[in-house]
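>>> Give me the fold of what follows.
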Amino acid sequence: MAYDYLSLTNDVAKRLNETQLTSANFASATGFYSAIKEAVNSSIRHINQAHFSWPFNHNTYQQTLTAGVTRYPIPSQAKYVDFDTYRVRRDSTLGVGSAQHLIQISYDEYIDRFIDQEDETNTALGAVPDRVFRSQNGEWGVVPMPDKAYQVDFEYFMDPVDLILNTDVPTIPERFRHVIVDGAMYYAYMFRDNLEMASVSQRKFEEGIKQMRTVTVNENIYMRAS
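Residues are numbered from 1 along each chain as shown. So this is what the prediction gives:
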């Protein structure tokens, strides 16, 4: 069985004893079918917002630094950036013999100690960055300013966009398909003003999200010597 926007919408339609859509009429569906499509996206949004760091929303970003440039934008789709994962990639041609972890400093510390580098025009005074900071306007920056096109990698958890095309596939793994459908059923029943069935579906939906956390997020934490 396919796992995409069309099939998820039809899963809900089947539970409601409604005729299923096809790839030919999916985009033009109106009325209650349009509500079902929105219900699927609402369910997916709810799941993605229920936890900041779902592993299926994990991504790695690669930024090539520009000599003399301190600040760079955080990816627009990022919901949570793990600043403990910033590192300069090893590149012997740029004089980086091994990958280097960047230590996070506060924005206040950057302003107090390093802000003058933003006015520096002599890029030869830069070096391989060893610190990273988060600014107050959705950017991140490095200290010292780079003097070469170093490669910085970091990890983040994205906030996926809504499904649009009938072939669009959610980032949520297929094994949690039933959780998406339970959530969509809640929104569909609310659209129909069937509060009793909406309440039943909501309980199943929330239990499904709890089970997702147990399966994908919970982990044992170990202490280690420093």
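>>> Dump the longest helix along the chain to CSV, restricted to CA.
Longest helix in the chain by number of residues (criterion: DSSP state H): helix 195-216. Taking Å, rounded to 0.1, in the frame of the first residue of the first chain, the C-alpha atoms of helix 195-216 are listed here in CSV:
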residue,chain,number,x,y,z
LEU,A,195,-18.0,15.6,19.5
GLU,A,196,-18.4,12.1,21.0
MET,A,197,-16.4,10.4,18.3
ALA,A,198,-14.0,13.3,18.2
SER,A,199,-13.2,12.8,21.8
VAL,A,200,-12.6,9.0,21.3
SER,A,201,-10.2,9.8,18.3
GLN,A,202,-8.4,12.5,20.3
ARG,A,203,-7.6,10.0,23.1
LYS,A,204,-6.3,7.4,20.6
PHE,A,205,-4.3,10.2,18.9
GLU,A,206,-2.6,11.4,22.1
GLU,A,207,-1.9,7.8,23.2
GLY,A,208,-0.3,7.2,19.8
ILE,A,209,2.0,10.2,20.2
LYS,A,210,3.0,9.0,23.7
GLN,A,211,3.9,5.6,22.2
MET,A,212,5.9,7.4,19.4
ARG,A,213,7.9,9.1,22.1
THR,A,214,8.6,5.8,23.9
VAL,A,215,9.7,4.1,20.7
THR,A,216,11.8,6.9,19.0
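>>> Output the contacting helices and strands for it.
When contacts are defined as 3 or more C-beta pairs under 8 Å, 6 or more residues apart in numbering; DSSP states H and E, helix 195-216 packs onto helix 32-49, helix 177-191. Glycine gets a C-beta too; all of them are placed from N, C-alpha and C.
>>> The one residue sitting closest to the centre of the chain bridge partners, please.
Among the residues of the chain, the one closest to the centroid is residue 158, at 1.1 Å (C-alpha atoms, centre = their mean). Residues in a beta bridge with residue 158, per DSSP bridges, are residue 78.
>>> so how far is residue 212 from it?
17 Å (C-beta to C-beta, to the nearest Å).
>>> just to revisit the earlier point, what mean pLDDT does the longest helix of the chain have?
Mean per-residue pLDDT for helix 195-216: 95.
>>> chain center to it: distance?
22 Å (C-alpha atoms, centre = their mean, to the nearest Å).
>>> and the direction of that helix versus that of helix 32-49, what angle?
For helix 195-216 against helix 32-49, the angle by axes from the mean of the first three to the mean of the last three C-alpha atoms, to 10 degrees is 40 degrees.
>>> Can you point out the buried residues in helix 195-216?
For helix 195-216, burial by neighbour count (16 or more other C-beta atoms under 10 Å) applies to 198, 201, 202, 204, 205, 206, 208, 209, 212, 216.
>>> swap in stretch 73-82?
Quick answer for stretch 73-82 (16+ other C-beta under 10 Å): 74, 78, 79, 81.
>>> how about residue 133, secondary structure?
Assigned with DSSP: H, G, I helix; E, B strand; the rest coil, residue 133 falls in the strand class.
>>> Tell me the spacing between it and residue 24.
With distances taken as C-beta to C-beta, residue 133 is found 52 Å from residue 24.
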